[in-house]
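Asks: with the sequence up front, the predicted model follows.
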Amino acid sequence: MVPDPSSVSRRTVLATLGGGAAVLAGGTAVVGVTEPTALPDSITDAATTHYPTPPEVDALWRPPVTEAHAREAVETLAETVAESRRRWAEMDSVGDDAAPITTDAGGWLEDAREALDEADHDTALFRARYGLQFAGEALGYARAEQDAVDRATLRDRAAVLTDRARAVADDLKLYPTTDPARDLGWYVRIEGEVQSASALAARALPEDADSGQNADSGGESDASADAVDPEVAGEVTAALLRGEVDAMTAERYRDTLFDRLGSDTGPHAEALRAAAERFRADLREYPSRDDVRDRYVGEVDEYGPWEFAHSRLARWCLGSTAPVPWRTPIDTDLLALRTVALSIGVARRRAHGTAVDRLVVEPDDTAFDSGHTLAAKRRAQATYESVVGSAPEPLLVTQIGRAVEDLQVAEVGSGGGRDRPMWRERLEAYLYALVGRAKLEAFPPLRDAILDPD
């Protein structure tokens with residue numbers, strides 16, 4: 001009798017695989033040295049959820065957050081919440097469906113303070129910044145309702161934020177390093193904060209925002225032509241508050257890195273430019289997503305495992321070049337971030353070819369065995385351990401994020417049904433493991449090209 005998947009326990013899985021501790025440690029498991037399809041799907045489905053997966057990328061490396069850094073963010077949130085509560089207490093009830101869902105931070109202030117008390121500074125910073133989305137919306141809305149904010153004030157604040165972001169970007173332009181594999185990882189993280197601050201500043205104010213005209217007055221201007229719609233004021237205030245935290249983070253990371261560099265450094269800017277140009281040239285050589293779909297899928301009456309696999313691989317690997325859009329002028333200056341983004345684009349495209357070569361799906365298949373999923377996950381974990389290990393260089397950490405996520409989600413879910421049969425659940429998990437492993441294999445030479453493009 002084949003057991004029902006929902007009744008398969010972790011103990012059952014490990015006992016069936018033979019020596020559970022060895023399996024979960026990545027050792028030689030029975031399922032790894034026999035045919036992948038030797039065990040029933042009910043066992044291998046469950047095994048994919050118990051097999052080891054990599055930790056979150058931030059657990060591998062990230063710039064440290066000091067107590068002072070985290071405390072400043074938490075205090076900003078506390079001040080925002082206090083003013084918001086005061087203003088909302090002064091107002092009559094607001095019958096607007098667009099009003100904020102909370103007049104404070106929705107509990108994030110308390111959570112941020114708790115993390116700060118526990119000396120978990122990374123978490124305190126994250127929670128404070130997240131809470132500013134809610135508290136900022138509430139505060140901006142209330143200020144607009146009380147005519148306590150106008151467009152000029154918001155624009156001036158955005159201009160100051162943009163200047164802060166650009167000042168950090170300008171400080172990095174030579175990219176001095178003593179240990180490029182370490183220091184370039186710092187530059188990528190700093191520029192990520194700079195980019196976020198710049199993008200959030202650019203949202204104040206949207207060009208199509210409410211111009212202050214009153215529809216009920218036949219289109220005539222309000223008393224203040226510079227008035228701001230409360231909902232827009234809330235969105236922009238929240239964006240500026242979060243952007244200011246990002247600018248502070250960029251400044252603190254920059255200062256910490258420069259303190260660590262000392263005076264014995266060499267510039268890495270030209271090496272970054274050379275690597276970026278090489279990656280752009282490589283990207284031009286790959287086919288488009290549509291071309292690949294036409295080659296492997298085309299127009300079909302039946303959409304089975306073969307079509308599903310190639311559609312997914314094309315979508316995941318042959319999409320946009322960069323992991324983030326380049327929409328603000330300051331982005332052109334962020335050379336380390338841009339170069340790593342291009343390297344990720346190349347890795348995705350190389351991973352597509354590798355994944356297609358290793359694919360175990362045939363055109364006439366109508367089902368998929370999750371033994372292949374478990375085997376792919378085992379191989380991917382082994383690749384992770386050999387490429388990344390327990391103490392990877394910061395530069396590599398900035399490249400591998402999505403590949404690690406692929407391995408983390410390579411599990412067979414409990415879905416299934418007429419619209420999504422179980423073979424799709426099993427095959428999709430297999431594809432995540434397959435493409436995640438292929439990306440990890442692609443990164444070391446791309447990292448080396450950034451470190452020494454000659």
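Replies: Structure's in. What do you need?

Asks: return the set of buried residues in stretch 446-454.
Replies: 446, 447, 449, 450, 451, 453 (16 or more other CB atoms under 10 Å). All C-beta spots, glycine's among them, are computed from the backbone N, C-alpha and C.

Asks: the strand or helix carrying residue 245: which residues count as buried?
Replies: For residue 245, the enclosing helix or strand under DSSP states H and E is helix 230-261. Neighbour counts using 16+ other CB under 10 Å place 230-254, 256-257 of helix 230-261 among the buried residues.

Asks: so where do the helices sit in the stretch 1-150 of the chain?
Replies: 10-17, 20-24, 30-33, 41-50, 57-60, 67-90, 108-117, 121-145 (DSSP state H, counting those that start in this stretch).

Asks: nearest to residue 426, out of those?
Replies: helix 41-50 (7.0 Å; CB to CB).

Asks: and that closest one, what does it pack against?
Replies: helix 10-17, helix 370-387, helix 422-451 (3 or more CB pairs under 8 Å, 6 or more residues apart in numbering; DSSP states H and E).

Asks: could you redo the last one with a cut-off of 6 Å?
Replies: helix 10-17, helix 370-387 (3 or more CB pairs under 6 Å, 6 or more residues apart in numbering; DSSP states H and E).

Asks: hey, least reliable of those by pLDDT?
Replies: Ranked by mean pLDDT, those end with helix 10-17 at the bottom, a mean of 51.

Asks: what's the domain layout of this protein?
Replies: Under the assignment automatic domain parsing, the domains of the chain span 5-52+270-451, 62-267.

Asks: which of those has the lowest average pLDDT?
Replies: Across the domains of the chain, domain 5-52+270-451 gives the lowest mean pLDDT, at a mean of 85.

Asks: how far off centre is it?
Replies: Distance, stretch centre to chain centre, for domain 5-52+270-451: 16 Å (CA atoms, centre = their mean, to the nearest Å).

Asks: repeat that for stretch 181-189.
Replies: On CA atoms, centre = their mean, the centre of stretch 181-189 falls 17 Å from the chain's centre.

Asks: what does it contact?
Replies: Stretch 181-189 is contacted from outside by 63, 175, 177, 257, 336, 337, 340, 393, 394, 395, 397, 398, using CB atoms under 6 Å, 6 or more residues apart in numbering.

Asks: what residues sit buried inside it?
Replies: Using 16+ other CB under 10 Å as the test for burial, stretch 181-189 gives 181, 183, 184, 185, 186, 187, 188, 189.

Asks: now the first one: how far from residue 385?
Replies: In other words, residue 181. 19 Å (CB to CB, to the nearest Å).

Asks: same deal with residue 293?
Replies: Relative to residue 385, residue 293 is positioned 34 Å away (CB to CB).

Asks: who's more crowded, the two?
Replies: Neighbours were counted for residue 293 and for residue 385 using other CB atoms under 10 Å; residue 293 has more, 18 against 14.

Asks: hang on, that one packs against residue 314?
Replies: Yes: assessed by CB atoms under 6 Å, residue 293 is found in contact with residue 314 at 5.1 Å.

Asks: quick one, what contacts residue 138?
Replies: Counted by CB under 6 Å, 6+ apart, residue 138 has contacts 84, 100, 103.

Asks: list just the nearest of the residues you listed to residue 203.
Replies: Nearest to residue 203 out of the contacts of residue 138 is residue 100 (CB to CB; 17.0 Å).
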